[in-house]
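*Asks:* Sequence isn't available, so here's the structure alone:
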């Protein structure tokens with residue numbers, strides 16, 4: 001099977017037009033079925049339900065292949081999911097968020113089958129395609145691939161930076177600490193607008209004497225109150 005390239009993922013084409021309402025109906029019912037996955041005692045019964053839904057679409061339909069891949073992946077069979085994800089992406093025509101989900105999930109399955117480098121390459125290419133609500137999932141999966149490849153510090157940087165946006169406080173400081181991990185110095189937030197402050201933790205940071213003398217005017221010991229997300 002030919003390898004997936006960036007162009008094969010982004011330039012979708014459908015050889016057979018499918019009614020929009022049919023696609024939407026199958027996608028909605030597949031989502032409802034996955035919400036009930038924990039009610040199934042046997043994987044084969046779940047596979048049969050998803051495969052039946054996929055069969056309502058034309059043979060080889062990308063969305064149908066995607067749902068079948070998700071079913072195998074969800075039951076711990078990444079080896080069965082990988083070729084289905086690949087086929088769906090190479091055929092093109094995945095609707096809505098299914099295309100980006102397929103890239104993320106394929107990369108994760110590649111990692112789980114010993115091909116973390118290939119998964120990482122897919123994720124890095126996907127980051128150039130814009131931003132959406134799946135950005136954090138993309139970052140976490142990238143971090144896992146990096147960790148598998150022995151690049152733990154880079155992976156931790158991605159996770160901390162992604163998590164920073166969801167914290168009730170410390171958003172800016174955690175984002176700065178996350179970025180600083182890439183510089184090999186996680187002690188000083190890489191921020192020009194908050195040079196040597198307490199960064200929201202309620203206690204002033206301990207500034208080394210040499211830096212304290214050089215930056216005496218910048219050192220503060222302020223405990224900030226509630227504030228809006230400073231991202």
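*Replies:* Sure thing, it's come through. In this text, all values refer to a predicted model and were calculated from it rather than measured experimentally.

*Asks:* C-alpha only now, for contacts and for neighbours.
*Replies:* OK.

*Asks:* ok, residue 57 to residue 116 distance?
*Replies:* Distance from residue 57 to residue 116, counting by C-alpha to C-alpha, to the nearest Å: 32 Å.

*Asks:* What of residue 52?
*Replies:* The gap separating residue 52 from residue 116 is 32 Å, by C-alpha to C-alpha.

*Asks:* So for the two, which sits in the more crowded spot?
*Replies:* For residue 52 and residue 116, the more surrounded residue by other C-alpha atoms under 10 Å is residue 116, and the numbers stand at 22 against 13.

*Asks:* and that one, what does it touch?
*Replies:* If a contact means C-alpha atoms under 8 Å, 6 or more residues apart in numbering, then residue 116 has 107-108, 110, 145-146, 148-149 as its contacts.

*Asks:* Same list, these, but as JSON lines with neighbour count please.
*Replies:* JSON lines is the format used below for the contacts of residue 116 (neighbours: other C-alpha atoms under 10 Å):
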{"residue": "107", "neighbour count": "27"}
{"residue": "108", "neighbour count": "26"}
{"residue": "110", "neighbour count": "22"}
{"residue": "145", "neighbour count": "27"}
{"residue": "146", "neighbour count": "22"}
{"residue": "148", "neighbour count": "17"}
{"residue": "149", "neighbour count": "15"}
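
*Asks:* Nearest to residue 121 among those residues?
*Replies:* For residue 121, the nearest member of the contacts of residue 116 is residue 107. The distance, counting by C-alpha to C-alpha, is 8.4 Å.

*Asks:* Grab the nearest non-local neighbour of the closest one.
*Replies:* With C-alpha to C-alpha, 6 or more residues apart in numbering as the measure, residue 119 is the residue that lies nearest to residue 107, at 3.9 Å, once sequence neighbours are left out.

*Asks:* which SSE is the one you found in?
*Replies:* Secondary-structure assignment from DSSP states H and E places residue 119 in helix 116-126.

*Asks:* Flag every buried residue along that helix.
*Replies:* The neighbour-count check on helix 116-126 (16 or more other C-alpha atoms under 10 Å) flags 116-120, 122-123, 126 as buried.

*Asks:* Same question for stretch 172-188.
*Replies:* The neighbour-count check on stretch 172-188 (16+ other C-alpha under 10 Å) flags 172-181 as buried.

*Asks:* All set now, cheers.
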